[in-house]
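A.B. asks: Below is the sequence, then the predicted model.
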Amino acid sequence: MKSKTSLSGHDRYADILLDNWFKRSFKEYGDAKRLMLLFLQTLIPERKIASIKYVSEESTNQTPDKKGIRVDVECTDENGNRFLVEVQQAKQSDFYDRAVFDSSFAVQRQLEEGADEYGFAPVYFIGIMRFSMHPDSVEFLYKYSLKEDNSGDVMTDHLHYIFLEVTKCRPDSDAPLIERVGYALNHMAEFTQRPDGFDGELFDLLFNSADLHTFAPEEKIKYHNDMTTERDIRNQIKYAHDEGIAEGKAETAAELKRLGIDPEVIRKATGLTDEQLAKLC
């Protein structure tokens with residue numbers, strides 16, 4: 001694959017599917033809002049989204065002692081449609097159930113306390129997954145909504161679930177734009193230069209946001225520290241897997257928890273649930 005620019009050196013681009021750096025690219029850095037808008041327009045063209053604004057990433061549960069939620073990026077468009085975007089690194093068997101749980105908070109927040117009507121704008125949960133829930137299929141994009149089993153009639157337009165399995169995405173020039181975006185997201189840290197065929201404003205913004213040359217010195221230090229932690233986690237999980245140790249992930253998560261690693265990082269790296277992590281020493 002020929003490059004369109006002459007760049008050199010390894011570690012040219014950050015792995016922006018890691019928590020902090022996904023938020024940087026899609027919420028915090030420069031043209032992040034424009035990048036998120038273009039991403040949503042490409043993923044959900046039928047919504048004809050013209051503008052977005054960010055909303056709180058954390059939601060508390062109104063029931064005492066029950067868990068709230070935190071997603072990577074949440075935003076709303078000019079019509080009130082809600083978009084919850086979550087990146088998941090390791091396979092989590094109940095990820096679909098978590099999507100339903102998280103989306104319920106976006107619904108509840110729209111309903112005024114004591115309201116008699118249940119009108120709320122459509123909610124989209126978007127999962128960017130570095131694993132496959134459908135390993136025997138070549139499909140990389142799955143879209144779900146509530147429909148009648150036999151007729152296929154839509155029950156409501158207000159709940160949607162979209163899952164992008166980036167590990168299946170191809171870079172081919174004939175691949176859909178969203179598939180090439182998924183490939184770039186998954187392989188960004190491997191690029192030493194921007195490949196041919198990744199053209200247009202969306203890719204301009206995406207590659208620029210991931211370019212380590214744009215990182216402030218303190219960001220570079222934090223990024224390399226995060227990468228060291230991520231590699232350590234992956235190496236420990238691989239060792240446990242290779243040795244056939246069923247409890248390997250739990251042991252790894254427990255050790256990382258003792259070291260003070262952010263629970264969100266541990267959860268995403270190991271695939272363990274919040275409840276499983278809470279039970280670890």
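C.D. replies: Looks like it came in fine.

A.B. asks: The closest residue to F26 other than its chain neighbours is in what secondary structure piece?
C.D. replies: Using CB to CB, 6 or more residues apart in numbering and skipping the chain neighbours, the partner closest in space to F26 is M36 (4.8 Å). To be clear about C-beta, it is placed using only N, CA and C from the backbone, and glycine gets the same treatment. Element membership for M36, per DSSP states H and E: helix 32-43.

A.B. asks: ok, then the element right after that helix?
C.D. replies: Counting by DSSP H and E, what follows helix 32-43 is strand 52-54.

A.B. asks: Show me what that next one is packed against.
C.D. replies: Packing partners of strand 52-54 (3 or more CB pairs under 8 Å, 6 or more residues apart in numbering; DSSP states H and E): helix 32-43, strand 73-77.

A.B. asks: Of those, which is nearest L146?
C.D. replies: Smallest distance to L146 across the helices and strands packed on strand 52-54 (CB to CB): 19.3 Å, for helix 32-43.

A.B. asks: what's the offset of that closest one from the middle of its chain?
C.D. replies: 13 Å (CA atoms, centre = their mean, to the nearest Å).

A.B. asks: Mind listing what's buried along that helix?
C.D. replies: Across helix 32-43, burial judged by 16 or more other CB atoms under 10 Å covers 32-33, 35-41, 43.

A.B. asks: Tabulate the helices and strands packed on strand 52-54 (a markdown table), appending mean pLDDT and distance to E201.
C.D. replies: Putting the helices and strands packed on strand 52-54 into a markdown table (pLDDT from 0 to 100; distance: least, CB to CB, whole Å) gives the following:
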| stretch | mean pLDDT | distance to E201 |
| --- | --- | --- |
| helix 32-43 | 97 | 6 |
| strand 73-77 | 94 | 18 |
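
A.B. asks: Let me know which of the ones you listed is the nearest to P176.
C.D. replies: Of those, nearest to P176 by CB to CB is helix 32-43, at 8.8 Å.

A.B. asks: What ranges in the chain fall below the confidence cut-off?
C.D. replies: Applying pLDDT under 70 to the chain flags the ranges 1-10, 57-69, 112-116, 229-249, 251, 255, 257-260, 279-281.

A.B. asks: could you say what helices and strands the longest strand that it contains packs with?
C.D. replies: Ranked by residue count under DSSP state E, the longest strand found in the chain is strand 154-165. Applying 3+ CB pairs under 8 Å, 6+ apart, one finds that strand 154-165 makes contact with helix 95-108, strand 123-129, strand 141-147, helix 177-187.

A.B. asks: Let's have the helices and strands packed on strand 52-54 in a markdown table, adding distance to Y13.
C.D. replies: Output for the helices and strands packed on strand 52-54, formatted as a markdown table (distance: least, CB to CB, whole Å):
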| stretch | distance to Y13 |
| --- | --- |
| helix 32-43 | 14 |
| strand 73-77 | 19 |
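
A.B. asks: among these, which is nearest A254?
C.D. replies: Short answer: strand 73-77, nearest of the helices and strands packed on strand 52-54 by CB to CB, at 29.3 Å.

A.B. asks: quick one: that closest one to strand 123-129, angle?
C.D. replies: With axes from the mean of the first three to the mean of the last three CA atoms, to 10 degrees as the basis, strand 73-77 and strand 123-129 are set at 140 degrees to each other.
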